[in-house]
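Engineer: Coordinates for the following, if possible.
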Amino acid sequence: MTDASRPTTDITLLGRSYVIACEPDQQAKLERAARYLDRAMIGIQAQSKLLGTERIAIMAALNITHELLEALDAQRAGERSLDELSARLERALADAPQR
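Structural biologist: Numbering: from 1, shown residues only. Below is the predicted model of the structure:
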């Protein structure tokens, strides 16, 4: 497949349009990600009108990465908690008198 025939999707960030190569089955996910990023960038831009687009994009990327890492840490903590509960349940079942 040549670059000219690759499927693309248009997204908008801070009012500027971008054409992104994207398979049709991934289009909705790309558009959702673009809306999320756009909202993050708009929020940063609203705090300081003096920042350039590149700096806004970097700050948005750092903020989103921080959110992702916090969510991953919470997920891992939840998984550890479930593992501990499962082990306690298994011990309790093993220690229970058999009928």
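Engineer: Please enumerate the helices of the protein.
Structural biologist: Ranges of helices within the chain are 27-47, 53-95, based on DSSP state H.
Engineer: so which of the ones you listed comes closest to Thr8?
Structural biologist: Comparing these against Thr8 with C-beta to C-beta, the closest turns out to be helix 27-47 (9.4 Å). Bear in mind the C-beta positions are built from the backbone N, C-alpha and C, glycine included.
Engineer: Sketch out the low-pLDDT regions of this structure for me.
Structural biologist: Residues of the chain meeting the criterion pLDDT under 70: 1-4.
Engineer: Of all residues in it, which one is nearest the centre?
Structural biologist: The structure's the chain has its C-alpha centroid closest to Leu68; by C-alpha atoms, centre = their mean the separation is 5.7 Å.
Engineer: how near is that one to Ala74?
Structural biologist: 11 Å (C-beta to C-beta, to the nearest Å).
Engineer: same check, this time on Ala28
Structural biologist: For Ala28 relative to Ala74 (C-beta to C-beta), the value is 26 Å.
Engineer: and Lys49, backbone torsions?
Structural biologist: In terms of degrees, to the nearest 10, the main-chain angles of Lys49 are phi -70, psi -10.
Engineer: How about the contacts made by it?
Structural biologist: Contacts for Lys49 (C-beta atoms under 8 Å, 6 or more residues apart in numbering) come out as none.
Engineer: Please apply the same query to Asn63.
Structural biologist: 40, 44.
Engineer: Next, the distance between the ends of stretch 92-99.
Structural biologist: The straight-line separation of the ends of stretch 92-99 (C-alpha to C-alpha, to the nearest Å) is 15 Å.
Engineer: Leu13 - how many residues pack around it?
Structural biologist: 18 (other C-beta atoms under 10 Å).
Engineer: Please apply the same query to Glu31.
Structural biologist: Neighbour tally, Glu31, other C-beta under 10 Å: 16.
Engineer: wait, isn't it in contact with Asp10?
Structural biologist: No - Glu31 lies out of contact with Asp10 (C-beta atoms under 8 Å); the separation is 9.1 Å.
Engineer: Let me see the backbone angles for the residue nearest to Pro24 when sequence neighbours are not counted.
Structural biologist: Among residues not flanking Pro24 along the chain, Pro7 sits closest, at 5.5 Å (C-beta to C-beta, 6 or more residues apart in numbering). For Pro7, the backbone dihedrals are phi -70, psi 140 (criterion: degrees, to the nearest 10).
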